[in-house]
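> Kindly return the folded structure for what I paste below:
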Amino acid sequence: MTGHPLAEFDALEALIEQGQPHLKVKRLGAVQAGSTALPLMMITLGSDDPRKPGIGFFGGVHGLERIGADVVTAYLRSLVMRLSWDDALHHQLEQVRIVIMPRVNPGGLWLGTRANPRGVDLMRNAPIEATESVPFMVGGQRLSAEMPWYRGPANAPMEVESAALCHAVEQELQPRPFSLTVDCHSGFGLQDRLWFPYAHTARPIPHLAEVHALSQIFEQTMVHHRYVFEPQSLQYLTHGDLWDYLYQRSLKAAQNIFLPLTLEMGSWLWIKKNPRQMFSRLGIFNPLIGHRQARVMRRQIALLDFFTHAAASAARWLPEGPAVAQHAAMAQARWYSGRGA
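Down below sits the predicted model:
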């Protein structure tokens, strides 16, 4: 993870080549980082049948959080290595579409910055406004690209990276009856968290029952896990959240269900175990010691594999009939009790 970015980009290209003919690659644009042009790549595999569910994995939205891109790439590598021998995987791929963007912000990864090369924080870049007060600066600001959490100019088009992510989701996933996404980040707290919308408001999402049912099978299956499953609004609100924006747009197709999740890996734990990481920009957001990085990979690859199975088998766990109201009531009590939701 601490190698030169060029080597990491070359390794991804080699992995894609190794996965042929099962992987399809579409270039959604390019980003200039200094004198280097970096592609925005979407990788797909699995069923082309639009009636089948879909799952999307995204990493590297924040360039400093390289562990997110590494986790998504590691999961892709696991799939590619299994394609040569795993009949169960091939059967699963007949039932689900997988979409992978390991490097949503290739310029930020190349330069070692949270924002893209234009100074825009992609997770504050969508045209959606918080309906309640947000924390100063952290919730998104339009003062200057020289300061963190910059949203970009008001009323401007989304950044090319944000637009590419939205294109991938809206073309490949949302038209399906059920789709799920996992966006991999790091840097918040001592625990790994699985956040679901909303980030722009404290009110519950319309698919609260479905999210609760997903959390239930997660907790029943991932025994002894250390994840916190919760709405992002329990922690803080922001303007411009890409997943809120995409979720809101998905509601126009009332018959389809789209559930976006954000994996927020708790990097403070790595700092607690190795305080010297505080003196490294990368160390604040990434494990720098080899065995800790390996441990993170093992845990998170298992997590992403669970969500692939959950998406492929959504018809077996999505609530129907009276179960919808039951899950919604349990979710209200678990996550929104006392908040006036």
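> got a list of what the residue lying closest to residue 211 once chain neighbours are set aside touches?
Spatial nearest neighbour of residue 211, chain neighbours left out: residue 196 (5.1 Å); criterion: Cβ to Cβ, 6 or more residues apart in numbering. The C-beta positions use only the backbone N, C-alpha and C, and glycine is treated the same way. By Cβ atoms under 8 Å, 6 or more residues apart in numbering, the contact set of residue 196 is 205, 211, 229, 230, 231, 232, 259, 260, 261, 262.
> So in the chain, where's the weakest helix or strand by average pLDDT?
Ranked by mean pLDDT, DSSP states H and E, the weakest helix or strand in the chain is helix 268-273, scoring a mean of 84.
> how far out from the middle of the chain is the helix or strand following that helix?
As assigned by DSSP states H and E, the chain's next helix or strand after helix 268-273 is helix 290-312. Distance, stretch centre to chain centre, for helix 290-312: 13 Å (Cα atoms, centre = their mean, to the nearest Å).
> export the very next helix or strand once past helix 290-312 as CSV, just CAs?
The helix or strand immediately downstream of helix 290-312 is helix 314-317, counting by DSSP H and E. Coordinates of each C-alpha in helix 314-317 appear next as CSV, following Å, rounded to 0.1, in the frame of the first residue of the first chain:
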residue,chain,number,x,y,z
ALA,A,314,-31.8,-10.6,-1.8
ALA,A,315,-35.1,-12.3,-2.6
ARG,A,316,-34.6,-14.6,0.4
TRP,A,317,-34.2,-11.9,3.0
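> Need the contact partners of helix 314-317.
Residues outside helix 314-317 that contact it (Cβ under 8 Å, 6+ apart) are 53, 178, 180, 213, 214, 217, 257, 310.
> quick one: which of those is nearest to residue 29?
residue 180 (24.6 Å; Cβ to Cβ).
> A strand includes residue 180, no?
Yes. Under DSSP: H, G, I helix; E, B strand; the rest coil, residue 180 sits within a strand.
> what does the model give it for pLDDT?
Note on residue 180: pLDDT of 98.
> Which members of the contacts of helix 314-317 are classed as buried?
For the contacts of helix 314-317, a burial check counting by 16 or more other Cβ atoms under 10 Å picks out 53, 178, 180, 213, 214, 257, 310.
> would you say the fifth one is within a helix?
Yes. The assignment for residue 214 by three-state DSSP puts it in a helix.
> so it touches residue 311, yeah?
No. Between residue 214 and residue 311 there is no contact under Cβ atoms under 8 Å: 9.7 Å.
> Quick check, residue 125 in contact with residue 241.
No. If you go by Cβ under 8 Å, residue 125 and residue 241 don't touch, sitting 9.2 Å apart.
> Can you select the buried ones among the contacts of residue 196 for me in ChimeraX?
Applying 16+ other Cβ under 10 Å to those, the buried members can be selected in ChimeraX as follows:
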select :205,211,229,231,232,259,260,261,262
